[in-house]
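Participant: Turn this into a model:
(2 chains)
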Number of protein chains: 2
Amino acid sequence: MNIPQSSFPRVIVIGGGFGGIALAKKLCKKDVQVVLLDKHNYHTFQPLLYQVSTGGLEPDSIAYPIRKVLQGYPNFYFRLAEVLRINPDIRTIQTNIGEINYDYLVVATGSETNFFGNTSIEENSMAMKSIPQSLNLRSLILENFEQALLTDDLHERDSLMNFVIVGGGPTGVELAGALAEIKKGILPKDYPDLDTRRAQINLVQGGDRILPAMSEVASRKAERFLEKLGVNVWKNIRVEAYDGKFVKTNTDTSFEAATLVWAAGVKAICIEGLDAKEFLCRGNRLRVNEFHQVEGFAEIFAVGDVAQMESEEFPNGHPMMAQPAIQQGQNLGENLVRIIENKPLKPFIYRDKGSMATIGRNKAVVDLKKFKFQGVFAWYVWMFIHLYFLIGFRNRVVVFINWVYNYIKFDREARLIIRPFKKQHQVSRKQPVE
Amino acid sequence: MNIPQSSFPRVIVIGGGFGGIALAKKLCKKDVQVVLLDKHNYHTFQPLLYQVSTGGLEPDSIAYPIRKVLQGYPNFYFRLAEVLRINPDIRTIQTNIGEINYDYLVVATGSETNFFGNTSIEENSMAMKSIPQSLNLRSLILENFEQALLTDDLHERDSLMNFVIVGGGPTGVELAGALAEIKKGILPKDYPDLDTRRAQINLVQGGDRILPAMSEVASRKAERFLEKLGVNVWKNIRVEAYDGKFVKTNTDTSFEAATLVWAAGVKAICIEGLDAKEFLCRGNRLRVNEFHQVEGFAEIFAVGDVAQMESEEFPNGHPMMAQPAIQQGQNLGENLVRIIENKPLKPFIYRDKGSMATIGRNKAVVDLKKFKFQGVFAWYVWMFIHLYFLIGFRNRVVVFINWVYNYIKFDREARLIIRPFKKQHQVSRKQPVE
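Facilitator: Numbering: from 1, shown residues only, chains lettered A, B, ... in the order given. Got it, this is the predicted structure:
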């Protein structure tokens, strides 16, 4: 891997997501050698992936070169690599570019889509956890409309314009809202020779309310916003099978749809060597103590989606979102410095900054600790917060301009089929996790 | 294909490049039915592809949805389709989405990379004529540097950092200049643990000057600019073979390079049924008369790269560039209206607006009819002209902001490996023309 041994202790960080980057930033001016590994050479701002899928933003605006994040720190090394195995006994990790030893290891691998073992859904549905996946979905949506134009079979045409989104969390809600806006604002202009009013956007939620992690008023309001936009919200329904055409549920309701987006669950990405049952909680998360240490190892830590720090307030760990990952990365970064300097550690305390979701133009819901609000102001807050947390000045400016443009013009210009999806995935949609 | 028969004559336009779009715009308010076919759902601004390859621009900024160009014109139809065959006798064309008849047919298929039958080069080199191809090149360049970090074999490392660009036209010159700027401004910061001074950018030109279509002073100045940037300019050398590692030329000079970009020729994209030798000139161009009519057919026309209109001033047809395509498209559009209105046709007269190429920051060469100038002012003119001809207000703003940002910060932030190239093309780099 060609990383020189130095006199400083070596911290290996697996993953350049919110947690890994926040952690590395805390370490880069300290007397440690940091080796950051990621299978991409960029950080992905996952909360905006749905805007890439719906043509509102260009993919490059929500990606940021990891090398640039920590440019100019001489003890910092980035390697584009996939980690294959952790060997805790001898303190090394094996990767596709070789083996390397560590003094401290931070697992910040994040999460991937969880199909809960349902192969029919895994093989035929679309996921939206990475930029390539989001681009595939963007291509497929547009390819469907192009294809709908060509058929005289009304049945098939409806199916091509029928979108089923499974999962009523923020991803599902935001995607459903964006699709509804496309249906309203763009399809009639782009496809005047197609009756796009027949396009259907269905949001299917297993529980009895959408956005279950938010307040009840947020759920209620979000549902009303979605319905205003024309989204069909289905509650208390679980999707059980999908063959690429027919969506079977646990009730009498079923759908015929050429597109099913699965946003109904994530699981942590675990690595061989640290995947024994004793370490793992529900959803493959690694159980960690208040210092992010993986149970049983003083020198292995986990932050972000992959870490489950159980407490009275969070019996199942913190929510798998950007905020906990960032705060955990920062806390662990400071603690690693304390370890090296032989100072006492500070346990992690999560500061809940609230949560939010946007449904569409002028429509968002925000839950803060003391205030809960919905509507136009919430939408501005949502945009401001997302711009603030986006990495990179250029990205912020470009995203801002796209938003202003889309707002004024009721438009989304990135509706481009750069890499057609159907052609490349004619047999199965199952993709390597990208 | 589901296009209704109307009482208006039907004009089918194959290709949504500069020529096809310019033509369609002239027709869209007239009493004709226009069917525009393209294998992409977007128009590509080809002159800026090299900036996508080198991370300076996001691909979506130089693409524009074709459906949006002509939104709101009821007699206009776009179909995402590949044309398989033209049947001039029965006035129909066959496509992958069905057959359709025409009253008038405009071939505006443009051009593709010409490897002149050299399979070793075709299989192992990179081309840069479409957005997917440019993204592949972007990925490969970045993957090479990531890989160069990993090897202890100095020979291999040099080869990974050795770039050979074949062809001294605008594409080759602009790409070489951009790579040289990356070498200077970005590599040392991104790869502090790699001796990136050893990276080599070689521009290989068969003739005795680069930019042969421009004035001699432009050629001379461009060469000096490139040398200032550290590009090795090789003249009077022809590349004869490339196996993915070793570049063989017709002289004693050879290169060991993991990347060869082939920008040494284009050929028109011809379609079965209109590909008989009697119609074709050098480089597969269709011979047309001064009204763009393909020889022998009153109702088949060709514009842009695919058309060869021979005249005293242009014995081999007009240059295969955006300007002739746009002007020809406009002229033909007006002539088609005249045909339908039974008015006399106006022959095409090309107004040479000059040509230009940029080499790098503050460095461009411009040949106008009466003035030829080089340097900073030429660079501003180059930028202004390219922004002006870029389609779409949002694209212009985003490109402008990227340019300002890159200029001030000496940066190019789109250095992202979104779809790794090597992994997907381990055996051969030969790609379907995308």
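
Participant: residue contacts, A:N41?
Facilitator: Counting by CB atoms under 8 Å, 6 or more residues apart in numbering or on different chains, A:N41 touches A:P65, A:I66, A:R67, A:F78, A:L80, B:L142, B:E146, B:R415, B:L416, B:I417. Bear in mind the C-beta positions are built from the backbone N, C-alpha and C, glycine included.

Participant: out of these, which are inside strands?
Facilitator: A:P65, A:F78, A:L80 (DSSP state E).

Participant: can you pull out the strands in the stretch 151-300 of chain A?
Facilitator: Assigned by DSSP state E, counting those that start in this stretch, the stretch 151-300 of chain A shows strands spanning A:162-166, A:200-204, A:232-234, A:239-242, A:246-249, A:254-256, A:259-262, A:266-268, A:286-288, A:300-302.

Participant: Tell me which of those strands is the most buried.
Facilitator: Among the strands of the stretch 151-300 of chain A, strand A:300-302 has the highest mean neighbour count (mean count of other CB atoms under 10 Å in any protein chain shown), at a mean of 27.

Participant: now what about that strand, what contacts it?
Facilitator: Contacts of strand A:300-302 (CB under 8 Å, 6+ apart): A:86, A:88, A:104-108, A:274, A:286, A:288, A:291-294, A:332, A:336.

Participant: Could you name the helices and strands sitting against whatever helix or strand comes next after that strand?
Facilitator: Later in the chain than strand A:300-302, the nearest helix or strand by DSSP states H and E is strand A:307-309. In terms of contacts (3 or more CB pairs under 8 Å, 6 or more residues apart in numbering or on different chains; DSSP states H and E), strand A:307-309 is packed against strand A:286-288.

Participant: how far out from the middle of the chain is the strand it packs on?
Facilitator: 20 Å (CA atoms, centre = their mean, to the nearest Å).

Participant: got the contact list for that strand?
Facilitator: A:107, A:268, A:270, A:274, A:279-281, A:294-295, A:301-302, A:306-310.

Participant: circling back to that earlier point, closest one to A:P59 among the strands of the stretch 151-300 of chain A?
Facilitator: strand A:259-262 (17.2 Å; CB to CB).

Participant: Please name the nearest non-neighbouring residue to the residue of chain A positioned farthest from its centre.
Facilitator: What lies farthest from the middle of chain A is A:D152; by CA atoms, centre = their mean that is 37.7 Å. Counting by CB to CB, 6 or more residues apart in numbering or on different chains, B:N2 is the residue found nearest to A:D152 once chain neighbours are left out, at 6.9 Å.

Participant: The stretch 51-200 of chain A: helices as residue ranges?
Facilitator: A:66-69, A:119-124, A:131-148, A:154-160, A:170-185, A:187-190 (DSSP state H, counting those that start in this stretch).

Participant: these two touch, right, the residue nearest to A:D152 and A:L149?
Facilitator: Yes - assessed by CB atoms under 8 Å, B:N2 is found in contact with A:L149 at 6.0 Å.

Participant: Which residue of the two possesses the greater neighbour count?
Facilitator: A:L149 (20 against 16; other CB atoms under 10 Å in any protein chain shown).

Participant: mind listing what that one touches?
Facilitator: Counting by CB under 8 Å, 6+ apart, A:L149 has contacts A:Y191, A:D193, A:L194, B:N2, B:R79.

Participant: Please check these and keep the buried ones.
Facilitator: The neighbour-count test (16 or more other CB atoms under 10 Å in any protein chain shown) marks A:Y191, A:L194, B:N2, B:R79 as buried among these.

Participant: From these, pick the one nearest A:S7.
Facilitator: A:Y191 (64.7 Å).

Participant: any idea how far the closest one lies from chain B?
Facilitator: Distance of A:Y191 to chain B, computed by CB to the nearest CB, to the nearest Å: 8 Å.

Participant: May I have the residues that are in contact with that residue?
Facilitator: Contacts of A:Y191 (CB under 8 Å, 6+ apart): A:F145, A:A148, A:L149, B:R67.

Participant: List only those of those flagged as buried.
Facilitator: Members of the contacts of A:Y191 classed as buried by 16+ other CB under 10 Å are A:F145, A:A148, A:L149, B:R67.

Participant: beta partners for A:I93?
Facilitator: A:I86, A:I100 (DSSP bridges).

Participant: dump the residue contacts of it.
Facilitator: Contacts of A:I93 (CB under 8 Å, 6+ apart): A:I12, A:I14, A:V83, A:R85, A:I86, A:N87, A:E99, A:I100, A:Y102, A:L105.

Participant: Please work out which of the helices of the stretch 51-200 of chain A is packed deepest.
Facilitator: helix A:170-185 (a mean of 24).

Participant: Looking at the contacts of strand A:300-302, spot the one nearest A:G392.
Facilitator: For the contacts of strand A:300-302, the nearest to A:G392 is A:A108 (19.7 Å; CB to CB).

Participant: burial count for that closest one?
Facilitator: 32.

Participant: Apart from its chain neighbours, what residue comes closest to A:T259?
Facilitator: Of all residues not flanking A:T259 in the chain, A:F163 sits nearest, at 5.1 Å (CB to CB, 6+ apart).

Participant: cool, and A:K39?
Facilitator: Closest to A:K39 by CB to CB, 6+ apart is A:E82, at 5.0 Å.

Participant: quick one, what contacts the one you found?
Facilitator: A:K39, A:T95, A:N96.

Participant: now swap in A:R67 and tell me
Facilitator: Here A:R67 is in contact with A:N41, A:F78, B:D190, B:Y191, B:R415 (criterion: CB under 8 Å, 6+ apart).

Participant: Pick out the most distant pair among those residues.
Facilitator: A:F78 and B:R415 (12.4 Å).

Participant: From the neighbour counts alone, determine which of the two ranks first.
Facilitator: Under the criterion of other CB under 10 Å, the comparison of A:F78 against B:R415 puts A:F78 first, with 26 against 23.

Participant: From chain B, how far out is the more buried one?
Facilitator: 9 Å.

Participant: Pretty sure that residue sits against A:K39.
Facilitator: No - using CB under 8 Å, A:F78 and A:K39 do not qualify as a contacting pair, with a distance of 11.9 Å.

Participant: How is chain A divided into domains?
Facilitator: A:10-39+A:81-113+A:267-340, A:119-264+A:361-425 (automatic domain parsing).

Participant: How far does the first one stretch from one end to the other?
Facilitator: For domain A:10-39+A:81-113+A:267-340, the first-to-last residue distance is 11 Å (CA to CA, to the nearest Å).

Participant: on that earlier part again, give the PyMOL command for selecting the buried subset of the contacts of A:I93.
Facilitator: Buried members of the contacts of A:I93, defined by 16+ other CB under 10 Å, are picked up in PyMOL with:
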select buried, chain A and resi 12+14+83+86+100+102+105
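
Participant: Throw the contacts of A:I93 into JSON lines and include pLDDT, thanks.
Facilitator: Shown next, in JSON lines, are the contacts of A:I93 (pLDDT from 0 to 100):
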{"residue": "A:I12", "pLDDT": "98"}
{"residue": "A:I14", "pLDDT": "98"}
{"residue": "A:V83", "pLDDT": "97"}
{"residue": "A:R85", "pLDDT": "97"}
{"residue": "A:I86", "pLDDT": "97"}
{"residue": "A:N87", "pLDDT": "97"}
{"residue": "A:E99", "pLDDT": "96"}
{"residue": "A:I100", "pLDDT": "96"}
{"residue": "A:Y102", "pLDDT": "97"}
{"residue": "A:L105", "pLDDT": "98"}
